[in-house]
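*Asks:* 3D model of this:
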Amino acid sequence: MLKKFLLIIILSALTYCYANNFEFPRDLTAIIKLAEKGDTEAQNNLGSIYYNGEGVEQSYLHAFKWYYKASEKGNAIAQYNLGVMYQKGKGIKKSLLKAAEYYRKSADQDYDMAQYNLGLMYEKGYGVKQSYLQAVELYRKAAEQGNVYAQTNLGLMYDNGKGVKKSYSKAVEWYRRAAEQGAAQAQYNLGDMYHLGYGVKQSYSKAVEWYRKAAEQGHDIAQNSLGYMYANGIGVEKSYFKAVEWFRKAAKQGNKASKQNLKILGEKE
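*Replies:* Have a look, this model is predicted:
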């Protein structure tokens, strides 16, 4: 059976927030003035400016200061960003408990990235008591808002029967939603389902189609799988050269299976 890999990296990208029907000024002085007057969007944005060092000297301490101010006034994105800082230990002592606390505040306001991150913490038991049921609930909330990471992980929960009754058809449903939005991990997983005939009618050509979409985005496992399909003429015309091409792309990323496949073929990385 082909192995599916859970998307376990919690995103650390910080998000800019813009008020509806309002073009936020890009001038730093204007942003600072608004932040000092208590505008939470400006405070969150100023936190991100300091976090990334955009036009100012990079400072996690200043980033934390402004995120905290916005968070205390209920800004959901700032609460999420504080969660990231506590999880990563950026400018403050690392605390998964605090990270979960701020993710929860943000998630309770329906911010999808916070729901996803908190779901992942429940799945893994990071800063909270491990619970697949809670993880599924949070993934679903974020997935229904179109969050591709949550859609992919919700598909995996159905695929593996964690926190829900195992259902390959439901897994395929959620993988497809994310895959059609361009999520490489979901595209790979959907290709796997077509390859194996789990939850869908088996189709090697469809498997190749989805592996290719993920492989072209640099997904090394999909690249290896696509190389395998070319090497064996499964769902695609057999091609030694294309097999080697895809194995090499994956091998360059450190994919051990592709490195082994190249050795079997007597080819260099």
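*Asks:* Next one: K90 relative to N75, how far apart?
*Replies:* 18 Å (C-beta to C-beta, to the nearest Å). Yep, even glycine has a C-beta here, placed from its N, CA and C like the rest.
*Asks:* Among those two, which residue is more densely surrounded?
*Replies:* N75 (25 against 16; other C-beta atoms under 10 Å).
*Asks:* gap between M121 and L97?
*Replies:* 10 Å.
*Asks:* shared neighbours, the two?
*Replies:* Residues touching both M121 and L97 by C-beta atoms under 8 Å, 6 or more residues apart in numbering: G127.
*Asks:* neighbour count winner among these two?
*Replies:* M121 (25 against 10).
*Asks:* Next, the contact list for the more buried one, please.
*Replies:* If a contact means C-beta under 8 Å, 6+ apart, then M121 has I10, L96, A99, A100, Y103, G127, V128 as its contacts.
*Asks:* any idea what sits nearest K268, other than its immediate chain neighbours?
*Replies:* Distances taken as C-beta to C-beta, 6 or more residues apart in numbering place L262 nearest to K268, at 7.0 Å, with adjacent residues excluded.
*Asks:* on that earlier part again, most neighbours out of the contacts of M121, which is it?
*Replies:* Using other C-beta under 10 Å as the neighbour test, the contacts of M121 are led by Y103, with 31 neighbours.
*Asks:* how close does the nearest residue to K90 once chain neighbours are set aside sit to N52?
*Replies:* Of all residues not flanking K90 in the chain, Y60 sits nearest, at 4.7 Å (C-beta to C-beta, 6+ apart). Using C-beta to C-beta, Y60 is found at 10 Å from N52.
*Asks:* Tell me which of those two has more neighbours.
*Replies:* Higher neighbour count among Y60 and N52: Y60, with 17 against 14, using other C-beta under 10 Å.
*Asks:* Let me know the pLDDT of that one.
*Replies:* On the pLDDT scale, Y60 is placed at 96.
*Asks:* from here on, count from 587
*Replies:* Sounds good: first residue 587 from here, last item Y646.
*Asks:* Distance-wise, check the residue nearest to K854 relative to D806.
*Replies:* According to C-beta to C-beta, L848 stands 13 Å off from D806.
*Asks:* Alright, I will stop here.
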